[in-house]
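S.K.: whatever this is, show me its structure:
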Amino acid sequence: MKMKLLLVSAIFLYGFTGLAQEVAFEEYNLDNDLHVILHQDNTAPIISISVLYHVGSKDEDPKRTGFAHFFEHLLFEGTKNIEKGQWDKIVSSNGGSGNATTNEDRTYYYEVFPSNNLELGLWLESERMLHPVINQKGVDTQNEVVKEEKRLRVDNSPYGKFIENIKKNLFKNHPYKETVIGKMADLDAATLDEFIAFQKKFYVPNNAVLVIAGDFEKENAKKLISDYFKDIPKGAEIARNFQKEDPIVAEVNAKAYDANIQIPASMIAYRTPGLKDRDSQVLEMISTYLTDGPSSKLYKKMVDEEKQALQVGAIPVTLEDYGMYIVFALPVGETSLNTLNTSIETEVEKLRDGLISENDYQKLQNKFENEFVNSNSTVEGIASSLAEYYMLYGDTSLINKEIEVYRSITREEIKEVANKYLKPNQRLVLEYLPEQNSAN
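M.R.: Residues are numbered from 1 along each chain as shown. From the prediction side, this is the model:
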């Protein structure tokens, strides 16, 4: 317990001492093409060790959805040298914490330790990469875990199925049309050989980036990295050639039903460009302007002033190949979903037809500056950013430069991008309704 308190205190301290500093880093490749990024900061005695694999739900066989998310769980099962169920115990008993996340494009594993456990963290991640135990018992165990997660977060959660209904209507060709958690029938039908093949294809050094951030000495870290990772065999080259989407040229109207809700929702979604496209950053600013917090345009109008909506918000989803911009609203009383849609479109139309005020523009710049600083205020945040900037954006230095992109976005550019992507004939309008209305 004492060690955990020290770790929390160190993280808290780092959050104040690391503000607004440029992130220095060194990067290189091992002979097996594992990319390594090192960010040394000896301010506080903590360290983050993480591995990002360039594999997400878009890389799955269409008949075997959910594999990437499944492996997020499965690769904690155990290894040749770590007994089943011991991974988390090893981490916690050494004063650390860890987890993993999966999305459409990547899977990310990490641990945060007191800095004297660098070697332990590297050993754990090398074991995950080189010696995972993938057997039927582990697959069956994690299959039940994933099913329970789906029941909790999707099937029995209010509004839990909205994203799958958005995706299947926005995407017809690209694998983004599937959800990250996948179909349980696909996991049930999968053979052990299929799971093993998926691991051998994607969880390999040349499809990964290893990041160490925090309190360590570089030469010692480089030696340990070499000792634990250099002999892991390189995998076959991975070819990606996903089908493109045809432009949306007429409004798409759809309905979805949810037994877990009593209040309907209107959801308007636009397909947007991938994360490397500058327009995706402009759309993030548009999203913040329209729906980020009580001072945003849609919230002030629809919730505060006109009392039309209980809640209004947006989910800008920025992915490697395409993005999604989703605006949602829940009505007050007898307010119709069409009324909500009209109010949303009125504000979007203002963006298409005119320039936002200088005052609103400066507020946007201040928000993005603050978010940028906060994202680089902990070793955990820095490690995650370094990994994603390298693997998904192809430019690790964006950790220091991306704020300049946002600073360079003009009011005129906001208007131009709104006209390019946010027209009524380019959108999906989804009525998300209580299930008892499905017969009407």
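S.K.: residues contacting the closest residue to Lys255 other than its chain neighbours?
M.R.: Counting by CB to CB, 6 or more residues apart in numbering, Lys255 lies nearest to Glu431, which is 4.7 Å off, once chain neighbours are set aside. Glycine gets a C-beta too; all of them are placed from N, C-alpha and C. Glu431 sits next to Asn253, Ala254, Lys255, Ala256, Pro264, Ser266, Leu337 when contact means CB atoms under 8 Å, 6 or more residues apart in numbering.
S.K.: with Val249 instead?
M.R.: Going by CB under 8 Å, 6+ apart, the list of residues near Val249 reads Asn425, Gln426.
S.K.: any idea how far Gln426 lies from Thr272?
M.R.: To Thr272, Gln426 is 10 Å away according to CB to CB, to the nearest Å.
S.K.: do Pro434 as well
M.R.: 29 Å.
S.K.: and those two? Which one has more around it.
M.R.: Neighbour count, other CB atoms under 10 Å: between Pro434 and Thr272, Thr272 has more, with 28 against 15.
S.K.: quick one: the more buried one and Leu355, what's the gap?
M.R.: 21 Å.
S.K.: can you check Lys137 too?
M.R.: With CB to CB as the criterion, Lys137 and Leu355 are 62 Å apart.
S.K.: more neighbours, these two?
M.R.: Higher neighbour count among Lys137 and Leu355: Leu355, with 14 against 10, using other CB under 10 Å.
S.K.: am I right that Gln311 is in contact with Leu330?
M.R.: Yes - using CB atoms under 8 Å, Gln311 is in contact with Leu330, at 4.8 Å.
S.K.: now the residue positioned nearest the centre of the chain: closest residue in space, sequence neighbours ignored.
M.R.: Geometric centre of the chain, nearest residue: Asn103, 5.4 Å, by CA atoms, centre = their mean. The shortest distance from Asn103 to any non-neighbouring residue, by CB to CB, 6+ apart, is to Gly56 (5.4 Å).
S.K.: make CSV from the contacts of Glu431 and add distance to Gly381 to it.
M.R.: Below are these laid out as CSV (distance: CB to CB, whole Å):
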residue, distance to Gly381
Asn253, 40
Ala254, 37
Lys255, 39
Ala256, 35
Pro264, 37
Ser266, 34
Leu337, 38
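S.K.: farthest pair within the residues you listed?
M.R.: Asn253 and Pro264 (14.6 Å; CB to CB).
S.K.: more neighbours: the two, which one.
M.R.: Comparing Asn253 with Pro264 by other CB under 10 Å, the one with more neighbours is Pro264, at 19 against 11.
S.K.: can you pull out the helices in the stretch 201-350 of the chain?
M.R.: Secondary structure of the stretch 201-350 of the chain (DSSP state H, counting those that start in this stretch): helices at 218-229, 278-291, 297-298, 337-353.
S.K.: Serialize those helices to a markdown table and add fields for mean pLDDT and distance to Glu77.
M.R.: Shown next, in a markdown table, are those (pLDDT from 0 to 100; distance: least, CB to CB, whole Å):
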| stretch | mean pLDDT | distance to Glu77 |
| --- | --- | --- |
| helix 218-229 | 98 | 20 |
| helix 278-291 | 94 | 36 |
| helix 297-298 | 94 | 45 |
| helix 337-353 | 97 | 45 |
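S.K.: could these be laid out in CSV, adding distance to Lys200 and mean neighbour count?
M.R.: As requested, these are exported to CSV (distance: least, CB to CB, whole Å; neighbours: other CB atoms under 10 Å):
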stretch, distance to Lys200, mean neighbour count
helix 218-229, 17, 15
helix 278-291, 33, 21
helix 297-298, 48, 21
helix 337-353, 47, 17
